[in-house]
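Asks: Mind folding the following:
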Amino acid sequence: MRSIINLIIAKEFSEIPGARYPEEGDYSGQDFRKNYLIPKIKEAIEKHCILLIDLDGTAGYGTSFLEEAFGGLIRNDNFTYEQLNNIIEFKSEEDSEYINEINEYLKDAQDKKNHQ
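Replies: Model (predicted):
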């Protein structure tokens, strides 16, 4: 069994995630992706670990935040759906629908990339 690296969004980033881009306000999806998520993904890849992303403890997530944070990994940062699916796991006891939503954004971004 692979070891686990945790990323608890509410503790490590913000309890109030914002919009898509920094110019739209604090705690943007882009900021989260670039400054928190990508470094943790790279660490998980390097160490052959699972990255467990805990979605609980926030005031909620806007679709633009989630799409930018996770879809942007494929669209802007050249990760693949398969690569991310092999290392990222999600935890959400408060609202498991967020996990489904994130997976849809990842799949959509990969589909669009495949058809460019």
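Asks: okay, CA-based contacts and neighbour counts for the rest of this
Replies: Fine.
Asks: so where's the longest helix in the protein?
Replies: Of all the segments of type helix in the chain, defined by DSSP state H, the longest one is helix 97-114.
Asks: List the buried residues for that one?
Replies: Neighbour-count burial for helix 97-114 flags 98-99, 102-103, 105-110 (criterion: 16 or more other Cα atoms under 10 Å).
Asks: Which pair of the residues you listed spans the longest distance?
Replies: With distances taken as Cα to Cα, the most widely separated pair in the buried residues of helix 97-114 is Tyr98 and Gln110, at 18.4 Å.
Asks: Could you export the buried residues of helix 97-114 as JSON lines, including distance to Glu43 and pLDDT?
Replies: Shown next, in JSON lines, are these (distance: Cα to Cα, whole Å; pLDDT from 0 to 100):
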{"residue": "Tyr98", "distance to Glu43": "24", "pLDDT": "98"}
{"residue": "Ile99", "distance to Glu43": "22", "pLDDT": "98"}
{"residue": "Ile102", "distance to Glu43": "21", "pLDDT": "98"}
{"residue": "Asn103", "distance to Glu43": "21", "pLDDT": "97"}
{"residue": "Tyr105", "distance to Glu43": "23", "pLDDT": "98"}
{"residue": "Leu106", "distance to Glu43": "20", "pLDDT": "98"}
{"residue": "Lys107", "distance to Glu43": "23", "pLDDT": "97"}
{"residue": "Asp108", "distance to Glu43": "25", "pLDDT": "97"}
{"residue": "Ala109", "distance to Glu43": "23", "pLDDT": "97"}
{"residue": "Gln110", "distance to Glu43": "22", "pLDDT": "97"}
